[in-house]
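[1] How does the following fold in three dimensions:
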Amino acid sequence: MTRLLALAAVLAAPPLFAQPYDKPPPVGPPRPVTIAAPDVATLDNGLRVVVSQRRSLPLVTVELVIRSGTETDPRDLAGLADMTATLLAKGTARRTAPQIAEAAEALGGQLDTSAGWYRTSVSMTVTRPQLAAALALIAEVTLTPSFAQGELDRERKLTLDALAVALRDPGKLASFASDRAAFGEGTYGHPAGGTPGSVARIRRAAVVAQHAKYYRPDNATLIFVGDIDPAEARTLAQSAFGAWKRPAAALRAARADDAQAAPPAPIVIAMAGAGQAGVAMTAPSIARSAADYYPGVIANTLLGGGYSSRLNLEARIRRGLTYGIFSQLEARRQAGVWWIAAQTRNESAPELIAVVLEELRKVAASPPPAEELEARKLTMIGAVSRRFETTEDLAGTLASLEANGIPVAEVTATIDRLAAVTPQQVVDFAKAHWGPEALAIVVAGEADKFENALRAAYPGLRVIPHDALDLDRATLTK
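    Next comes the predicted model:
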């Protein structure tokens, strides 16, 4: 009886959440994040050594960064830097690819290689006692790769298969094409992973030449993050890489990007039977060293950086045009790329483009409300704070600064600089860099469902059949 009475009292009580919330609770202040400036030294051969010490766990991430990457791809060999990085772990003068994988596993880690804009990385995270052996393995794959023909053939086939799948995806296809439309024959116009034509042309001699030209100690930084002090890190670096000789001739600077003065009229890639349309917009943007970089980061977060951004609020939540729309500012060493991407119903592609352009106009027209700006700044500050939590993420952050020529000590000021962005700085950035006329617009999908509506707004619209597309050419046609 007592239990029944108690249960009746609970059921009769008002629900705990009887009153619905009209808005979420206020966001609390960010927790302070303290990070010491990394120690920086240079070995006699020119290799930079960067150390960020953390004693909380007996783990160390070590990442070797070659300060060259996708931007070095020859015009007819897009994807060469990416292929070269991939092949580093596929065999050396001493070991085969399986043996390298087994050696990394025996150390309790995983050897990762990758290439991107202005950087190529080789990294591992291991426990403190395994660090010397991990460094030796990184040195082995970096300095003595075999670039076996069989491994190149295998990776080429895998890459071509992946590209064949990607180029049937309207969203990915539109993004590839919008980069080319925005930059033409410029460095940033080609896909980092290459095109079907360029990957098929990559030969072993080109990979060997790429490695010989750019993999040199005076073009590299060795980053340590974790349970290690600077003196010990320098000793280990000298032991593993001290014999790496610097060439007599200085490395020539990467060529500056030569983007088109103005993008072409919007482009439609006609894909028969496409269930959705991919919409991509791309424009040249700022370098990482630009004075208004941090206002640009916050402006992008406000516009399209996440679920609560203005683009997602208008296009997804209010209009139901897409499952998600995003924008990204990629500020690189010499210049930058700013892009917007989404997928939508074929019929709604023109409306989605109109929504984007209207939201761009609004950002440049008036400062954002203080409450909105503060929420978006906290979103970005939270994302940055999370990148300081693990040794791998912090090493990646330092690698990005190194690749883009930014002093690694800036890592200590990042949060403060984001927090200091003002509403007027957001407006000023949008006015300076987000003119709609700078956007290269590409829609990939079932053209007969949206071509007429787009042509009414853009009389110079170009339509390219899917089977006539050529991503190696500035014209995008064979």
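[2] how about the strands of this structure, start to end?
    Remark: strands assigned in the chain by DSSP state E are 39-42, 48-53, 59-66, 112-116, 119-127, 220-226, 267-270, 277-285, 325-331, 336-344, 440-445, 462-465.
[3] For the second one, list every residue counted as buried.
    The one in question is strand 48-53. Residues Arg48, Val49, Val50, Val51, Ser52, Gln53 are the ones in strand 48-53 that count as buried (16 or more other Cβ atoms under 10 Å). The C-beta positions use only the backbone N, C-alpha and C, and glycine is treated the same way.
[4] Let me know whether Leu352 touches Tyr323 as I believe.
    No - with contact defined as Cβ atoms under 8 Å, Leu352 does not count as touching Tyr323 (11.9 Å).
[5] Of these two, which one has the most company?
    Leu352 (25 against 12; other Cβ atoms under 10 Å).
[6] which regions of the chain sit below the pLDDT cut-off?
    By pLDDT under 70, the weakly predicted segments of the chain are 1-33, 256-259, 261.
[7] Just give me the residue right at the centre of it.
    The centroid of the chain falls nearest to Glu330 when counting by Cα atoms, centre = their mean (6.9 Å).
[8] Hmm, that residue is touching Gly336, no?
    Yes - between Glu330 and Gly336 a contact is recorded at 5.8 Å, counting by Cβ under 8 Å.
[9] what's the overlap in contacts for those two?
    Ser285 (Cβ atoms under 8 Å, 6 or more residues apart in numbering).
[10] so Thr125 makes contact with Leu57?
    No - with contact defined as Cβ under 8 Å, Thr125 does not count as touching Leu57 (10.5 Å).
[11] what residues do the two have in common as contacts?
    With Cβ under 8 Å, 6+ apart, Thr125 and Leu57 have common neighbours Gly226.
[12] Which of the buried residues of strand 48-53 sits closest to Ala248?
    Arg48 (19.5 Å; Cβ to Cβ).
[13] what's the closest non-adjacent residue to the closest one?
    Spatial nearest neighbour of Arg48, chain neighbours left out: Thr221 (4.2 Å); criterion: Cβ to Cβ, 6 or more residues apart in numbering.
[14] Next one: the one you found from Ala299, what distance?
    30 Å (Cβ to Cβ, to the nearest Å).
[15] quick one: which of the two has more around it?
    Ala299 (29 against 24).
[16] which residues does that one contact?
    So Ala299 contacts Val363, Val426, Phe429, Ala430, Trp434 (Cβ under 8 Å, 6+ apart).
[17] redo that, cut-off 10 Å
    Going by Cβ atoms under 10 Å, 6 or more residues apart in numbering, Ala299 touches 292, 305, 327, 329, 338, 363-364, 368, 373, 376, 421, 425-430, 433-434.
[18] Over to Glu359?
    Glu359 touches Leu302, Leu303, Gly304, Ser309, Arg310, Leu311, Leu313, Glu314, Ala315, Ile325, Ser327, Ile340, counting by Cβ under 10 Å, 6+ apart.
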